[in-house]
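In: Sequence plus the predicted model coming up.
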Amino acid sequence: MTKITCLIDNTVQHASPFWGEHGLSLLIETDAGRLLFDTGQTEQVLAHNLNLLGDAPRAITALALSHAHTDHTGGLNVALALKPGMPLYANPDLFCPRYAIRDRKYRSIGLRMSRDELARRVDLHLSATPVEIVPGVWTTGEIADRSELEGRSDRLVVSGDVGWQPDPYRDDMSLVMETTRGLAVVCGCCHAGLLNTLAQVHRDFRKPIVAIIGGTHLVDADAEHLQRVVRMLREVYGAPRLHLNHCTGERALIALANAFDDRVQPFPAGTSLDLD
């Protein structure tokens with residue numbers, strides 16, 4: 001069994017009792033264990049949606065964070081209460097303070113817990129290289145080669161030695177899942193860039209990529225970049241199935257659907273995928 005349920009997304013499946021918000025959280029279930037990937041923006045939404053799953057959340061064996069932004073880590077307290085001391089996987093740069101510029105003010109949007117506080121509550125695994133979380137599910141590690149466009153915003157910054165600087169998104173990582181058909185790449189926000197992420201997975205894991213799931217941060221991509229994404233997906237990766245949400249953006253979703261027809265599907269909260 002290799003199953004993914006979207007717990008939190010900007011949109012909700014029609015007639016679903018799930019709540020939605022700007023954020024992302026995914027439940028990954030395999031025969032080897034259950035993993036929560038990101039925790040959405042608020043504790044209230046994550047708690048409500050987890051309750052809809054009955055006893056399933058009690059069997060979660062690990063937690064992974066794609067990056068520090070609050071729309072992916074805001075429900076962290078609820079997740080940590082599921083199983084005190086559970087392993088948590090993330091990039092070492094997770095604790096770098098991060099800010100968004102809104103109305104000419106700098107608003108903190110980074111992790112709300114210090115490293116010491118989080119380390120007291122979980123078994124903390126921070127690595128810039130790929131790590132196997134449960135058998136068949138890996139982190140990508142840091143996306144080091146970024147020769148393609150990244151999923152950037154000029155509103156997102158960090159404080160450096162010479163003042164405010166663009167966020168380098170060093171903490172951005174995705175997950176890689178082995179399925180019976182090939183690899184599924186599960187993205188949180190893909191600030192490192194979708195094509196950069198896929199290139200690293202292709203290089204490190206050396207198996208065909210058959211599915212891409214989650215947020216791809218193509219929301220600000222222009223027509224030229226979307227055309228390049230379509231071309232690379234077709235020519236290099238063999239047109240994998242795309243189940244996209246969160247920061248992908250409607251324009252990108254339409255462009256991809258026009259190119260790949262029903263191989264492209266939205267993945268709103270309340271939706272489940274059986275990858276086998």
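Out: Now that the structure is in, tell me what you want to look at.
In: can I assume residue 34 sits in a helix?
Out: No. Applying DSSP: H, G, I helix; E, B strand; the rest coil, one finds residue 34 to be strand, outside a helix.
In: what is it paired to in the beta sheet?
Out: The partner list for residue 34 in beta bridges (DSSP bridges) reads residue 29, residue 60.
In: Could you verify my assumption that it touches residue 60?
Out: Yes. Here residue 34 reaches residue 60: they are 4.7 Å apart, a contact under C-beta atoms under 8 Å. All C-beta spots, glycine's among them, are computed from the backbone N, C-alpha and C.
In: shared neighbours of these two, which are they?
Out: By the contact definition C-beta atoms under 8 Å, 6 or more residues apart in numbering, residue 34 and residue 60 are jointly contacted by residue 27.
In: How many neighbouring residues does the nearest residue to residue 90 once chain neighbours are set aside have?
Out: Excluding the flanking residues, the one nearest residue 90 by C-beta to C-beta, 6 or more residues apart in numbering is residue 65, at 4.4 Å. The number of residues packed near residue 65 is 25, by other C-beta atoms under 10 Å.
In: before we move on, what about residue 133?
Out: 24.
In: tell me what the host helix or strand of it is packed against?
Out: According to DSSP states H and E, residue 133 maps onto strand 132-134. With contacts taken as 3 or more C-beta pairs under 8 Å, 6 or more residues apart in numbering; DSSP states H and E, strand 132-134 sits against strand 33-37, strand 60-64.
In: for the last one, packing partners?
Out: Pointing back at strand 60-64 there. Using 3+ C-beta pairs under 8 Å, 6+ apart: strand 60-64 touches strand 33-37, helix 76-82, strand 87-90, strand 132-134.
In: The first one too?
Out: Helices and strands touching strand 33-37, by 3+ C-beta pairs under 8 Å, 6+ apart, are strand 25-30, strand 60-64, strand 132-134.
In: and that strand, C-alpha only, in PDB?
Out: C-alpha atoms of strand 33-37 as PDB (Å, rounded to 0.1, in the frame of the first residue of the first chain):
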ATOM      1  CA  GLY A  33       4.600   3.300   8.400                       C
ATOM      2  CA  ARG A  34       2.600   6.500   8.400                       C
ATOM      3  CA  LEU A  35       4.200   9.900   7.800                       C
ATOM      4  CA  LEU A  36       2.800  13.400   8.200                       C
ATOM      5  CA  PHE A  37       4.400  15.800   5.700                       C
END
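In: outside of the helix or strand just after it, which residues touch it?
Out: Per DSSP H and E, the first helix or strand lying C-terminal to strand 33-37 is helix 43-51. By C-beta under 8 Å, 6+ apart, the residues outside helix 43-51 that reach it are 7-8, 18-21, 23, 25, 39-40, 57, 74-75, 77-79, 82, 269.
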